[in-house]
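Enquirer: sequence and predicted model, in that order:
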Amino acid sequence: MKDIYDVTIIGGGPAGLFASFYSGLRDLKTKIIEYQPYLGGKVHVYPEKMIWDVGGQPPISGGDFIKQIVQQAHTFSPTVALDTKVTDIRKEEDYFILSTNKETHYSKTVIVAIGGGILNPQKLKLDGIDKFEVTNLHYIVPSLQQFKHKRVLISGGGNAAVDWANELEPIAEKVILVYRSEQLKGHEAEVNKVLSSSIEIHLDTTIEKLVSEQDNDHISKALLYNKKHQTEQWHEIDEVIINHGYVIDRSLFENSSINIALDEYQLIQGNTDSSTNIPGIYAAGDILKHESKLHLIAGCFQDACNAVNKAKQFIDPSSHESAMVSSHNEKFKTKNKELLKTQKILD
Ligand SMILES: Cc1cc2nc3c(=O)[nH]c(=O)nc-3n(C[C@H](O)[C@H](O)[C@H](O)COP(=O)(O)OP(=O)(O)OC[C@H]3O[C@@H](n4cnc5c(N)ncnc54)[C@H](O)[C@@H]3O)c2cc1C
């Protein structure tokens with residue numbers, strides 16, 4: 001027997017997670033499918049950075065924001081499939097079939113919340129360095145603490161590399177920034193901060209070798225090559241951060257049996273909501289491209305509500321076009337009682 005869900009959300013970033021909450025609120029049987037082994041989407045790129053621009057939310061680190069929105073997403077106990085890449089969507093009778101690298105999923109409606117696609121960091125291409133990824137070669141920065149009093153080598157010249165160099169300068173013993181071009185490309189103010197700091201900058205320079213001298217799979221030395229002067233120089237280091245951008249995988253859109261022509265539908269036909277060209281498939285978050293789309297976390301929330309409300313209407317045309325405010329919602333009566341009890345306001 002096929003287990004057919006009301007809503008299946010592809011992507012567990014802010015848009016997908018809020019859609020999961022809202023879908024539960026609208027009494028829909030919900031599933032989230034996420035390629036990564038964790039929920040949170042691209043906020044995982046900046047777990048230590050502060051987010052200031054989510055309404056009603058005091059400044060919060062990316063990591064803490066993920067914890068909160070994941071908790072909210074679980075309010076109505078959705079099914080969550082992690083480590084699962086959706087590779088194809090096709091339609092049969094009155095439901096969609098989603099093929100993945102694992103099992104097949106069935107759903108009456110689908111919300112595509114895949115952001116810009118699957119993000120995988122662009123790896124440094126040097127022989128035999130993969131083993132350092134479990135020790136001191138980093139493509140994302142999970143915590144600033146581990147760089148305290150360390151000699152940190154950062155490779156890259158865009159916003160991420162420049163921002164991390166500035167963030168780590170007061171914490172690390174030394175920060176060395178290498179970039180293959182002759183000028184850093186980050187935001188001007190941040191670049192100026194780097195230029196006037198103690199950060200050691202090597203332009204026109206690439207990492208040629210990373211070696212471990214203690215045979216313990218910890219990088220201890222890096223060989224830098226300056227292509228302008230054609231010189232090589234060894235540096236003793238404790239940690240390496242590579243910010244060479246991301247490889248983006250949007251193959252779901254390119255390969256799917258159903259042609260979800262989202263860009264065309266939005267930009268050419270001027271559609272500015274969460275609909276797609278396929279009835280029953282909706283979109284939310286950074287994947288949307290229409291003129292008034294806000295590519296921020298705050299923007300994800302409205303998209304998610306729009307997408308869920310459309311999914312609800314698709315399944316049950318007699319339902320309300322939009323949900324009532326949460327404070328009036330029957331679903332919260334029991335939950336409110338539980339909360340009041342934990343706060344000892346109710347017995
Ligand atoms: C460095 C940086 C700093 C930022 N700072 C802020 C800020 O301060 N404030 C703010 O409001 N916004 C900020 N943003 C933007 C914000 O992170 C995005 O707007 C938001 O994450 C978009 O959410 P989303 O759910 O649409 O997409 P994403 O967060 O990209 O999530 C999409 C998810 O879909 C998954 N996925 C993709 N394809 C598939 C597939 N085929 N199968 C299964 N899963 C799939 C991906 O793995 C990913 O987890 C920042 C972004 C960056 C990069």
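Expert: Arrived safely, thanks for sending. Everything quoted here is computed from the prediction, not taken from an experiment. Numbering: from 1, shown residues only.

Enquirer: and for Glu190, the neighbour number?
Expert: 17 (other CB atoms under 10 Å). To be clear about C-beta, it is placed using only N, CA and C from the backbone, and glycine gets the same treatment.

Enquirer: typed the wrong thing, it's Glu239
Expert: So Glu239, with other CB under 10 Å, has 21 neighbours.

Enquirer: also His229?
Expert: 10.

Enquirer: in contact with the nearest residue to it once chain neighbours are set aside, which residues?
Expert: For His229, ignoring the flanking residues on the chain, the nearest one in space by CB to CB, 6 or more residues apart in numbering is Asp204 at 7.9 Å. The contact partners of Asp204, by CB atoms under 8 Å, 6 or more residues apart in numbering, come to 179-182, 226-229.

Enquirer: the same query, at a cut-off of 6 Å, please.
Expert: 182, 226-228 (CB atoms under 6 Å, 6 or more residues apart in numbering).

Enquirer: near the ligand, which residues of the stretch 201-347 of the chain?
Expert: Taking CB under 6 Å from any ligand atom as the contact definition, the stretch 201-347 of the chain meets the ligand at 252, 285-286, 295-298, 300.

Enquirer: out of the contacts of Asp204, which is most surrounded?
Expert: Highest count within the contacts of Asp204 by other CB under 10 Å belongs to Asn226, 15 neighbours.

Enquirer: in the sheet, who's paired with that residue?
Expert: Thr205, Thr231 (DSSP bridges).

Enquirer: which stretches of the stretch 101-250 of the chain form helices?
Expert: All helices of the stretch 101-250 of the chain, identified by DSSP state H, counting those that start in this stretch, fall at 159-168, 188-195.

Enquirer: ranking those helices by burial, who's on top?
Expert: Ranked by mean neighbour count, the helices of the stretch 101-250 of the chain are led by helix 159-168 with a mean of 22 (mean count of other CB atoms under 10 Å).

Enquirer: and it, what does it pack onto?
Expert: strand 151-155, strand 174-178, helix 188-195 (3 or more CB pairs under 6 Å, 6 or more residues apart in numbering; DSSP states H and E).

Enquirer: the same query, at a cut-off of 10 Å, please.
Expert: Judged by 3 or more CB pairs under 10 Å, 6 or more residues apart in numbering; DSSP states H and E, the packing partners of helix 159-168 are strand 151-155, strand 174-178, helix 188-195, strand 239-242.

Enquirer: closest to the ligand out of the residues of the stretch 201-347 of the chain next to the ligand?
Expert: Taking CB to the nearest ligand atom as the measure, the ligand lies nearest Gly285 of those, at 2.2 Å.

Enquirer: mind checking how far the closest residue to that closest one other than its chain neighbours is from the ligand?
Expert: Leaving out its chain neighbours, the residue that sits closest to Gly285 by CB to CB, 6+ apart is Ala15, at 2.6 Å. According to CB to the nearest ligand atom, to the nearest Å, Ala15 stands 3 Å off from the ligand.

Enquirer: helix or strand: which one has Ala15?
Expert: helix 14-25 (DSSP states H and E).

Enquirer: got the contact list for the helix or strand bottoming out on mean pLDDT in the chain?
Expert: Counting by mean pLDDT, DSSP states H and E, the weakest-scoring helix or strand in the chain turns out to be helix 262-263, with a mean of 79. Residues outside helix 262-263 that contact it (CB atoms under 10 Å, 6 or more residues apart in numbering): 112, 253, 271, 275-278, 281, 283, 287-290.

Enquirer: equivalent analysis for stretch 123-133, please.
Expert: Residues contacting stretch 123-133 (CB under 10 Å, 6+ apart): 137-139, 155, 206-212, 217-219, 223, 240, 242, 244, 247.

Enquirer: in strands only, show me those.
Expert: Judged by DSSP state E, strands contain the following of the contacts of stretch 123-133: 137-138, 155, 206-211, 223, 240, 242, 247.

Enquirer: quick one: the strands in the stretch 201-347 of the chain, in order.
Expert: 205-211, 221-226, 231-236, 239-242, 246-249, 281-283 (DSSP state E, counting those that start in this stretch).

Enquirer: and the ones you listed, which is most packed in?
Expert: Greatest burial across the strands of the stretch 201-347 of the chain, using mean count of other CB under 10 Å, falls to strand 281-283, with a mean of 27.

Enquirer: what's it packed up against?
Expert: Partner elements for strand 281-283 (3+ CB pairs under 10 Å, 6+ apart): strand 4-10, strand 105-112, helix 297-315.

Enquirer: model confidence over it, on average?
Expert: Here strand 281-283 scores 95 as its mean pLDDT.
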